[in-house]
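Undergrad: curious how this folds, go ahead:
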Amino acid sequence: MNDRVILVTGAASGIGAACLRAMAGPGTAFLVHTRRNREGAEAMAGFARAHGARAETILADIADPATPDALVAAALARFGRLDVVVANAGFADRTPLLEQNEAAFARSFDTILWAFLRLARAASPLVTAAEHGRIIAISSFVAHVFRPDVVGFPTTAAAKAGMEALARSLAIEIAASGATVNCVAPGFTRKDATGHSAFTPEQWRAVVENIPLGRLGTPEDVAAAVAFLASPAAGYITGQVLHVNGGLV
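TA: All right, here's what the predicted structure looks like:
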């Protein structure tokens, strides 16, 4: 018997994997999505099972318009329901805006904004039928912090800002069901040891100097916020953006 069925996109590593670890336990079931990191997804599914949860993996490109419907259908086929969606899959593009081409701009929107819209639309009928339905989108500080001393990610910022607006709109549309929709906006977050880094060690040190708490965030910092918003205790919180950024403004 599954008390909660949880879909986490981009769950093979980083923040997505930390979200799974934070919520795995008896009575939960996970659909572990990744674009191509099969090994990482299987490892996370194994972690979930070792902690009393059920878990299945699925590989698909979240930017493909057919993928969100396929993910929701897979959750329904494998577990019979879907209670919580954590829309985490995405990427960051540091290219300056005036150097960006339209194809790269479209890629950011396809992977972040459009993917979230399609996934939320596909999942909403199941989430709104759940007792504690939750949709949680992973946004980013880049949609809020625009300073000359903080590196910018302009197309990512535009896509994440749009995602936040969609989440707030959806929160109003489905509020009568009792389901909630929120965003978590991480600040600069430490990558997995094997993960790709956007900065050199020297650049990371400069980044930390701009963070009031004096350290980078961790995937676990972000996952703790996600796990709270996914819990029954967060049932009166909707349409919000929770910043997990060490005080970066």
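
Undergrad: tell me the centre residue of this protein?
TA: Asn88 (2.0 Å; Cα atoms, centre = their mean).

Undergrad: now the helix or strand hosting Arg118: buried residues?
TA: Per DSSP states H and E, Arg118 falls inside helix 115-127. Of the residues in helix 115-127, 115-120, 122-124, 126-127 count as buried by neighbour count, 16 or more other Cβ atoms under 10 Å. The C-beta positions use only the backbone N, C-alpha and C, and glycine is treated the same way.

Undergrad: what sits against the residue nearest to the centre of the chain?
TA: Residues near Asn88 by Cβ atoms under 8 Å, 6 or more residues apart in numbering: 8-11, 15-16, 19, 138.

Undergrad: and if you look at Pro219?
TA: 14-15, 17-18, 189-190, 192.

Undergrad: the residues you listed in helices, which ones?
TA: Under the assignment DSSP state H, the contacts of Pro219 contribute 14-15, 17-18 to helices.

Undergrad: contacts for the helix holding Arg118?
TA: Residues contacting helix 115-127 (Cβ under 8 Å, 6+ apart): 7, 9, 62-63, 65, 67-69, 71-72, 75-76, 81-85, 87, 89-90, 133-135, 137, 163, 166-167, 170, 174, 179, 181.

Undergrad: could you give the angle of the lengthiest helix in the chain to helix 115-127?
TA: If you go by DSSP H, the chain has its longest helix at helix 154-173. Angle of helix 154-173 versus helix 115-127, following axes from the mean of the first three to the mean of the last three Cα atoms, to 10 degrees, is 20 degrees.

Undergrad: low-confidence regions, the chain specifically.
TA: Applying pLDDT under 70 to the chain flags the ranges 1, 192-198.

Undergrad: the longest helix of the chain - contacts with which helices or strands?
TA: helix 102-108, helix 115-127, strand 134-138, strand 180-186 (3 or more Cβ pairs under 8 Å, 6 or more residues apart in numbering; DSSP states H and E).

Undergrad: can you state the direction angle for the third one and strand 180-186?
TA: Taking the same axes, to 10 degrees, one finds that strand 134-138 is oriented at 20 degrees with respect to strand 180-186.
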